[in-house]
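*Asks:* Need the 3D shape of this:
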Amino acid sequence: MGKSGEIRVLALGLIRDSQRIFVSEGYDPVTQSTFYRALGGGVDFGESSILALQREFQEEIQAELTNIRYLGCLENIFIFNGRQGHEIIQLYECDFVDPKFYQLDSLIFSESENHQHRAIWINIERFTSGELRLVPAEFFNYL
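*Replies:* Next up is the predicted model:
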(Lines give C-alpha, C1' and ligand atoms only; values in the text may rest on other atoms or scores of the structure.)
Protein backbone atom coordinates (compact mmCIF):
# COMPACT_ATOMS: atom_id res chain seq x y z
CA MET A 1 0.00 0.00 0.00
CA GLY A 2 1.46 3.36 -1.01
CA LYS A 3 1.30 6.51 1.07
CA SER A 4 -2.08 8.18 1.29
CA GLY A 5 -2.88 10.33 -1.71
CA GLU A 6 -0.30 8.57 -3.87
CA ILE A 7 -0.93 6.81 -7.18
CA ARG A 8 1.00 3.54 -7.39
CA VAL A 9 2.20 2.04 -10.65
CA LEU A 10 2.13 -1.76 -10.66
CA ALA A 11 3.23 -4.46 -13.09
CA LEU A 12 1.12 -7.63 -12.79
CA GLY A 13 1.46 -10.96 -14.56
CA LEU A 14 -1.53 -12.95 -15.77
CA ILE A 15 -0.46 -16.59 -15.84
CA ARG A 16 -2.94 -19.01 -17.30
CA ASP A 17 -2.87 -22.75 -17.49
CA SER A 18 -5.87 -23.96 -19.46
CA GLN A 19 -8.92 -23.08 -17.30
CA ARG A 20 -7.03 -21.79 -14.28
CA ILE A 21 -5.03 -18.72 -13.35
CA PHE A 22 -2.26 -18.16 -10.80
CA VAL A 23 -3.31 -15.55 -8.23
CA SER A 24 -2.40 -14.26 -4.81
CA GLU A 25 -4.91 -14.22 -1.99
CA GLY A 26 -5.61 -11.02 -0.08
CA TYR A 27 -7.76 -10.20 2.92
CA ASP A 28 -9.41 -6.93 3.90
CA PRO A 29 -9.77 -6.80 7.72
CA VAL A 30 -12.33 -3.97 7.58
CA THR A 31 -14.80 -5.67 5.22
CA GLN A 32 -13.64 -9.13 6.38
CA SER A 33 -13.51 -10.31 2.79
CA THR A 34 -11.04 -12.36 0.83
CA PHE A 35 -10.05 -11.34 -2.69
CA TYR A 36 -7.59 -12.49 -5.34
CA ARG A 37 -5.33 -10.71 -7.78
CA ALA A 38 -2.51 -11.42 -10.20
CA LEU A 39 1.02 -11.48 -8.81
CA GLY A 40 3.48 -8.67 -9.36
CA GLY A 41 4.25 -5.41 -7.65
CA GLY A 42 5.37 -1.82 -7.75
CA VAL A 43 7.41 -0.29 -10.54
CA ASP A 44 10.41 1.63 -9.19
CA PHE A 45 11.44 5.02 -10.55
CA GLY A 46 13.66 4.55 -13.61
CA GLU A 47 12.61 0.91 -14.06
CA SER A 48 10.47 -0.28 -16.96
CA SER A 49 7.28 -2.13 -16.04
CA ILE A 50 8.44 -5.32 -17.80
CA LEU A 51 11.63 -5.36 -15.69
CA ALA A 52 9.59 -4.68 -12.54
CA LEU A 53 7.36 -7.64 -13.40
CA GLN A 54 10.37 -9.96 -13.77
CA ARG A 55 12.03 -8.62 -10.60
CA GLU A 56 8.87 -9.01 -8.49
CA PHE A 57 8.32 -12.63 -9.56
CA GLN A 58 11.99 -13.34 -8.84
CA GLU A 59 11.85 -11.68 -5.39
CA GLU A 60 8.49 -13.02 -4.29
CA ILE A 61 8.43 -16.59 -5.55
CA GLN A 62 11.88 -17.09 -7.17
CA ALA A 63 10.25 -17.65 -10.56
CA GLU A 64 11.51 -16.79 -14.01
CA LEU A 65 9.00 -15.70 -16.63
CA THR A 66 8.88 -16.29 -20.36
CA ASN A 67 6.54 -15.44 -23.30
CA ILE A 68 5.88 -12.04 -21.72
CA ARG A 69 3.30 -10.11 -23.71
CA TYR A 70 1.81 -6.71 -22.86
CA LEU A 71 -1.98 -6.83 -22.49
CA GLY A 72 -2.96 -3.34 -21.44
CA CYS A 73 -3.29 -0.73 -18.77
CA LEU A 74 -5.92 -0.79 -16.00
CA GLU A 75 -6.80 1.92 -13.55
CA ASN A 76 -7.91 0.73 -10.14
CA ILE A 77 -9.46 3.10 -7.57
CA PHE A 78 -10.54 1.17 -4.51
CA ILE A 79 -10.98 1.09 -0.74
CA PHE A 80 -8.76 -1.33 1.18
CA ASN A 81 -8.56 -1.53 4.96
CA GLY A 82 -10.77 1.55 5.17
CA ARG A 83 -8.40 3.67 3.06
CA GLN A 84 -8.64 4.76 -0.54
CA GLY A 85 -6.08 3.39 -2.94
CA HIS A 86 -5.30 4.30 -6.54
CA GLU A 87 -3.27 2.10 -8.87
CA ILE A 88 -2.23 2.22 -12.49
CA ILE A 89 -1.64 -1.40 -13.54
CA GLN A 90 0.53 -2.45 -16.46
CA LEU A 91 -0.81 -5.93 -17.18
CA TYR A 92 1.24 -8.64 -18.87
CA GLU A 93 0.45 -12.17 -19.90
CA CYS A 94 3.29 -14.58 -19.19
CA ASP A 95 4.32 -18.16 -18.50
CA PHE A 96 6.59 -19.78 -15.92
CA VAL A 97 9.93 -21.07 -17.24
CA ASP A 98 10.08 -23.85 -14.62
CA PRO A 99 7.30 -26.45 -15.09
CA LYS A 100 7.28 -27.16 -11.31
CA PHE A 101 5.18 -24.01 -10.81
CA TYR A 102 2.34 -25.62 -12.73
CA GLN A 103 2.32 -28.59 -10.32
CA LEU A 104 1.94 -26.49 -7.17
CA ASP A 105 -1.27 -26.49 -5.17
CA SER A 106 -0.29 -23.39 -3.29
CA LEU A 107 2.77 -21.42 -2.36
CA ILE A 108 3.40 -19.20 0.66
CA PHE A 109 5.57 -16.16 0.02
CA SER A 110 6.56 -13.02 1.89
CA GLU A 111 6.05 -9.56 0.46
CA SER A 112 7.77 -8.03 3.49
CA GLU A 113 8.85 -9.11 6.99
CA ASN A 114 5.33 -9.35 8.41
CA HIS A 115 3.26 -10.00 5.30
CA GLN A 116 2.75 -13.61 4.35
CA HIS A 117 0.74 -14.29 1.22
CA ARG A 118 -0.59 -17.39 -0.44
CA ALA A 119 -0.44 -17.85 -4.20
CA ILE A 120 -2.70 -20.50 -5.74
CA TRP A 121 -4.10 -21.83 -8.98
CA ILE A 122 -7.82 -21.12 -9.19
CA ASN A 123 -10.30 -22.17 -11.84
CA ILE A 124 -11.54 -19.11 -13.78
CA GLU A 125 -15.11 -20.40 -13.43
CA ARG A 126 -14.97 -19.71 -9.67
CA PHE A 127 -14.45 -16.02 -10.45
CA THR A 128 -16.92 -15.70 -13.33
CA SER A 129 -19.62 -17.39 -11.23
CA GLY A 130 -19.11 -14.81 -8.48
CA GLU A 131 -18.09 -17.42 -5.90
CA LEU A 132 -14.68 -15.77 -5.50
CA ARG A 133 -13.67 -12.14 -6.04
CA LEU A 134 -10.97 -11.18 -8.52
CA VAL A 135 -9.66 -7.60 -8.39
CA PRO A 136 -9.67 -5.27 -10.19
CA ALA A 137 -12.88 -6.27 -12.00
CA GLU A 138 -11.52 -5.05 -15.39
CA PHE A 139 -9.21 -8.03 -15.19
CA PHE A 140 -12.06 -10.13 -16.58
CA ASN A 141 -11.69 -8.40 -19.95
CA TYR A 142 -8.37 -10.22 -20.36
CA LEU A 143 -9.46 -13.72 -19.37
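*Asks:* What residues does residue 104 make contact with?
*Replies:* Residues near residue 104 by C-beta atoms under 8 Å, 6 or more residues apart in numbering: residue 121. Bear in mind the C-beta positions are built from the backbone N, C-alpha and C, glycine included.
*Asks:* ok, now how distant is it from residue 63?
*Replies:* 10 Å (C-beta to C-beta, to the nearest Å).
*Asks:* Give me the common contacts of these two.
*Replies:* The contact sets of residue 104 and residue 63 do not overlap (C-beta under 8 Å, 6+ apart).
*Asks:* I figured residue 16 hits residue 93, correct?
*Replies:* Yes - with contact defined as C-beta atoms under 8 Å, residue 16 counts as touching residue 93 (7.3 Å).
*Asks:* Residue 23 against residue 123, yeah?
*Replies:* No - using C-beta under 8 Å, residue 23 makes no contact with residue 123, being 10.9 Å away.
*Asks:* Of these two, which one has the most company?
*Replies:* residue 23 (24 against 14; other C-beta atoms under 10 Å).
*Asks:* Excluding residues flanking it in the chain, which one is nearest that one?
*Replies:* Distances taken as C-beta to C-beta, 6 or more residues apart in numbering place residue 36 nearest to residue 23, at 4.2 Å, with adjacent residues excluded.
*Asks:* count of residues packed around that neighbour?
*Replies:* When counting by other C-beta under 10 Å, one arrives at 21 neighbours for residue 36.
*Asks:* May I see the buried residues of the longest helix belonging to the chain?
*Replies:* Longest helix in the chain by number of residues (criterion: DSSP state H): helix 49-61. Within helix 49-61, the residues scored as buried using 16 or more other C-beta atoms under 10 Å are 49-50, 52-57, 60-61.
*Asks:* closest to residue 77 among those residues?
*Replies:* Of all the buried residues of helix 49-61, residue 77 sits closest to residue 49, with 19.2 Å by C-beta to C-beta.
*Asks:* what's the helix or strand bottoming out on mean pLDDT in the chain packed up against?
*Replies:* One helix or strand of the chain scores below all others by mean pLDDT, DSSP states H and E: strand 106-112, with a mean of 82. The contact analysis (3 or more C-beta pairs under 8 Å, 6 or more residues apart in numbering; DSSP states H and E) places strand 106-112 against helix 49-61, strand 115-123.
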